[in-house]
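S.K.: Quick one: sequence and predicted model below, then my questions.
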Amino acid sequence: MTVAQPDVTVVIGAYEAMPYLVECLASVEAQTLDAARLEVIAVDDGSRDGTGECLEEFAARAHMAVTVVRQENSGGPSGPRNVGLSKATGRYVFFLDADDRLGPEALERMVAMADRNGTDVVLGRVEGINRNPPKSMWGKTLERTDVYSSNIKFTLSAQKLFRREFLERHGMSFDESLWTGEDALFTMEAYLRADGVSVVADYTCYYLVGRTDGKQVTKTGSYTLRFDSARALMGLLERLVPPGPKRDVLMVRPFLVTVLPQFGPVFLRNDEDIRRTKMELAEPLMAAYWNEGVAQRLRVHERLRLELVARRRPDLLVDVLEFIKAKTAPTPVLKKRKTQLYLAYPHYGSREAGIPDRVYLAEPREAREFPGWRDDPTENFLRGFTRKVRRRLRRRPVRPGGTAAV
């Protein structure tokens, strides 16, 4: 008798997951997708709290096919996910963390979305329980999109539906050398290689649970691991995306989400050795990937802090962080007939500091928050056109007699 291929393989990597695992497994049993269309590969990564026994009890009673693998601790989430992926037989794979849970219709809706549109990755709306998940990508259900024209770059966790044939065709797996950010690397690569991505925004598919026992993976690990994660993701973008605006828009993500927090309020609490080490770890990243195309996509205080990191000025950075910590509002400075707004954070206009005024220039999306600023597209265009003409005239050779060559 031929067994039909399941629609979805749910891969659950579990380490010390009790008691959260109980509700996680209950959410799998509660799926409206027929049990015959579903399989579970659960990998106990060397737990000693009863996680393995709970998984085996689930396998014995569940109506869907369940495989339990018990192994020595691998040290991170990549190993168990790769084991589960290697054993998956479903048309799609969904990576479910053992302390989280699914909405009852999650898999049915996501499979239908992928089948309807032929997309390789499907995102389902995420809500947090004692955690704050990303929100900017859930404004609208998208049948077909990509990483450039949507905000999906700000959700790079592994909890997505992936077409298994697509993953196998590209030889994709989780990087086991990374202790954090391995899912960001995997998911960003999937976004970039996918023949379309879908977003289910009108139904909560996934509940991200905040643990109260201090064992949340994302809350552990030293700051050096964050730089490892940023380095890996930036390197992936460098390999897969040519230089230019498309790379810049994606590079915002590792700078904003991974690098910048290391130079936020925590930097004020760091001792001098840690501050110096952070600057040293950031230096090659800033030299290789920080540019005006990335900078102009950030808010002023974000851009300013990263610019000071790039210039290796922790002294000035501390001034800015103290200013922000005090919740002081920067003085708005309007120029060019009120069409340019500068935010006077510390060292604005200081010759001694040497930070160009452009670092303090608010982009339109931020400038709109301040009364008095005028968004004048015509004037902005003419000003930009005039600058280009002047630059070209300066570059033209001068003939004897003082006239520019035409």
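M.R.: Sure, I can see it. Numbers count the residues shown, from 1 in each chain.
S.K.: could you measure S86 against V11, distance?
M.R.: 10 Å (CB to CB, to the nearest Å). Glycine gets a C-beta too; all of them are placed from N, C-alpha and C.
S.K.: pretty sure V40 is in a strand, no?
M.R.: Yes: remark: V40 belongs to a strand, assigned using DSSP: H, G, I helix; E, B strand; the rest coil.
S.K.: so it touches S27, yeah?
M.R.: No: using CB atoms under 8 Å, V40 is not in contact with S27; the gap is 11.6 Å.
S.K.: can you tell me which residues contact S136?
M.R.: Counting by CB atoms under 8 Å, 6 or more residues apart in numbering, S136 makes contact with 151, 154.
S.K.: so how far is K246 from it?
M.R.: Taking CB to CB, one finds S136 at 19 Å from K246.
S.K.: Which residue of S86 and V11 possesses the greater neighbour count?
M.R.: V11 (26 against 11; other CB atoms under 10 Å).
S.K.: got the domain boundaries for the chain?
M.R.: 8-217, 222-328, 329-394 (automatic domain parsing).
S.K.: Now do the same for the shortest one: mean pLDDT, whole number.
M.R.: Summarised as a single mean, pLDDT over domain 329-394 is 83.
S.K.: Next: the longest one.
M.R.: Rounded to a whole number, the mean pLDDT of domain 8-217 is 95.
S.K.: which element follows the helix or strand where R253 lies toward the C-terminus?
M.R.: Secondary structure assignment for R253, by DSSP states H and E: helix 245-253. Using DSSP H and E, the helix or strand that follows helix 245-253 in sequence is helix 265-269.
S.K.: Counting by contacts, list what that following helix packs against.
M.R.: helix 314-325 (3 or more CB pairs under 8 Å, 6 or more residues apart in numbering; DSSP states H and E).
S.K.: what's the helix or strand that the helix it packs on is followed by in contact with?
M.R.: For helix 314-325, the following helix or strand on the C-terminal side (DSSP H and E) is strand 331-335. Applying CB under 8 Å, 6+ apart, the contact partners of strand 331-335 are 340-344, 348, 370, 372-373.
S.K.: May I see the buried residues of strand 331-335?
M.R.: Under the neighbour-count criterion of 16 or more other CB atoms under 10 Å, strand 331-335 has 332-333 buried.
S.K.: One more: stretch 112-126?
M.R.: Using 16+ other CB under 10 Å as the test for burial, stretch 112-126 gives 112-114, 117, 119-126.
S.K.: Can you lay out these as JSON lines showing distance to G264 and secondary structure?
M.R.: Output for the buried residues of stretch 112-126, formatted as JSON lines (distance: CB to CB, whole Å; DSSP: H, G, I helix; E, B strand; the rest coil):
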{"residue": "A112", "distance to G264": "41", "secondary structure": "helix"}
{"residue": "M113", "distance to G264": "37", "secondary structure": "helix"}
{"residue": "A114", "distance to G264": "38", "secondary structure": "helix"}
{"residue": "N117", "distance to G264": "39", "secondary structure": "helix"}
{"residue": "T119", "distance to G264": "36", "secondary structure": "coil"}
{"residue": "D120", "distance to G264": "35", "secondary structure": "coil"}
{"residue": "V121", "distance to G264": "31", "secondary structure": "strand"}
{"residue": "V122", "distance to G264": "33", "secondary structure": "strand"}
{"residue": "L123", "distance to G264": "27", "secondary structure": "strand"}
{"residue": "G124", "distance to G264": "30", "secondary structure": "strand"}
{"residue": "R125", "distance to G264": "28", "secondary structure": "strand"}
{"residue": "V126", "distance to G264": "24", "secondary structure": "strand"}
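S.K.: Thanks again, I'm all set now.
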